[in-house]
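[1] Prediction below, plus the sequence it came from.
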Amino acid sequence: MTQFNSIIGKSPAFESLLRSARIVAATDVTVLIKGETGTGKEVLATAIQQASSRINKPFVILNCAALPEGIIESELFGHKKGAFTGATTNKLGIFQTAEGGTLFLDEINSLPLAIQAKLLRFLETGECFAVGDIKPYKVNTRIITATNTDLNQQIDRGEFRQDLFFRLNVVPLELPPLKERKEDIDALIKHFLSHFSKTHNLSQPKFSKYTIKKLQGYQWPGNIRELRNLCERLSILLAGRTIEPENLPYEFSACSNKSVLEGTFKLPTLGLKLEKLEADLIYQALTRTNGNRSKSARLLGISRDTLLYRIQKHGIAGC
């Protein structure tokens, strides 16, 4: 079974993405994986490497945001003895350790501009310079990169090289956020619950259909990573039980309350007079319906009797 077969997702957008990923896996083309934090960019990069001809060669993962700017050049390209204070021996760079294999550069958007120029040179010539060396070395390494930001915006701000973007963006693969894959949530939950029950040697819980429905209505700002963490937490705390909506953390009920309010009337910053607003809305409804009280009530989302009471309450004349 290939790594792709273990990736869960049947939504149309996700299946289209996987078809493209399978095609590019068979080549050595440079790939740029885009997506919000927690959408599974590293999982997809791993699947591409596992389905490629480089499967038995090194697969090196580097988070560009995790390395201090002062040492990232040395880490990537290596250095010669005496190149700087503390360089007491020659050191191979990550590009060399990935020789023949694949280098996955996550959060490429965090790469300093000076290092971006050196990466561009490698993509164009296959050559790298170790810090302190005057002769380049060649390395056969496939590059897969990922970003959780809009690189075009960074280009506009002068934070990312446009020429490097064009070299990286040969085949862009964009992972949809979990809120756009709601039909996949049930399958993902079953997978995670099964995994964590085995990992922690606990009885597997199950989610009621009402809980699944609530989770499908949630916006998932942390995407699949957030869902995974939720499943692990509940697998431990509620092992063997049926998980109902009231067992979910606070943010899920808070989200429900928020969704009820979204798209409704926005309270002005300086406030308003509720009585006057209600009277104005009733007057507008009656005007729009030429005084038809039944139609006006439907426009306002209230019963006809309630409308009659409020007409009298506000003393709306001519009604």
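    Received it, and whenever you're ready, just let me know what you need.
[2] What residue spans form the domains of this structure?
    Domain assignment for the chain by automatic domain parsing gives 3-176, 179-261, 274-314.
[3] looking at the ones you listed, which has the lowest confidence?
    Looking over the domains of the chain, mean pLDDT reaches its minimum on domain 274-314, with a mean of 85.
[4] Now do the end-to-end distance for that one.
    12 Å (Cα to Cα, to the nearest Å).
[5] that older thread, would you list the domains of the chain in TSV and tack on distance to P268?
    Bear in mind the C-beta positions are built from the backbone N, C-alpha and C, glycine included. Formatted as TSV, the domains of the chain follow (distance: least, Cβ to Cβ, whole Å):
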stretch	distance to P268
domain 3-176	32
domain 179-261	15
domain 274-314	10
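[6] Let me have those domains in JSON lines, adding mean neighbour count as columns.
    Formatted as JSON lines, those follow (neighbours: other Cβ atoms under 10 Å):
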{"stretch": "domain 3-176", "mean neighbour count": "17"}
{"stretch": "domain 179-261", "mean neighbour count": "15"}
{"stretch": "domain 274-314", "mean neighbour count": "14"}
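[7] Could I get the contacting residues of the one residue sitting closest to the centre of the chain?
    The chain has E36 as the residue nearest its centroid, 2.4 Å off, counting by Cα atoms, centre = their mean. If you count contacts by Cβ atoms under 8 Å, 6 or more residues apart in numbering, E36 has them with 148, 175, 177, 223.
[8] Which of those residues fall within helices?
    N223 (DSSP state H).
[9] Return the closest of the contacts of E36 with respect to L67.
    Checking those against L67 with Cβ to Cβ, the nearest one is N148 at 16.8 Å.
[10] Please name the nearest non-neighbouring residue to that closest one.
    T37 (4.9 Å; Cβ to Cβ, 6 or more residues apart in numbering).
[11] name the element that neighbour belongs to?
    Assigned by DSSP states H and E, T37 falls within no helix or strand.
[12] again, but for D186
    With DSSP H and E as the test, D186 turns up in helix 185-199.
[13] roughly how far out does that helix sit from the chain middle?
    Centre-to-centre, helix 185-199 and its host chain are 20 Å apart (Cα atoms, centre = their mean, to the nearest Å).
[14] and for it, what are the contacting residues?
    Helix 185-199 is contacted by residues 8-10, 178, 202-207, 212, 215-216, 224, 227-228, 231-232, 234-236, 239 when judged by Cβ under 8 Å, 6+ apart.
[15] need the next SSE after it, C-terminal direction.
    Note on helix 185-199: by DSSP H and E, the next helix or strand toward the C-terminus is strand 206-207.
[16] Might you quantify the distance of that next one from its chain's geometric centre?
    So, by Cα atoms, centre = their mean, the centroid of strand 206-207 is 25 Å from its chain's centroid.
[17] Over to stretch 171-191?
    So, by Cα atoms, centre = their mean, the centroid of stretch 171-191 is 10 Å from its chain's centroid.
[18] same question, stretch 200-210
    25 Å.
[19] send the alpha carbons of that stretch over as PDB?
    C-alpha atoms of stretch 200-210 as PDB (Å, rounded to 0.1, in the frame of the first residue of the first chain):
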ATOM      1  CA  HIS A 200      -2.900   4.200  24.700                       C
ATOM      2  CA  ASN A 201      -4.400   0.700  25.100                       C
ATOM      3  CA  LEU A 202      -7.800   2.100  26.000                       C
ATOM      4  CA  SER A 203     -11.400   1.200  24.900                       C
ATOM      5  CA  GLN A 204     -12.300   3.200  21.800                       C
ATOM      6  CA  PRO A 205     -15.000   5.900  22.400                       C
ATOM      7  CA  LYS A 206     -17.500   6.800  19.700                       C
ATOM      8  CA  PHE A 207     -19.100  10.100  18.700                       C
ATOM      9  CA  SER A 208     -22.900  10.300  18.600                       C
ATOM     10  CA  LYS A 209     -24.500  11.500  15.300                       C
ATOM     11  CA  TYR A 210     -25.300  14.800  17.000                       C
END
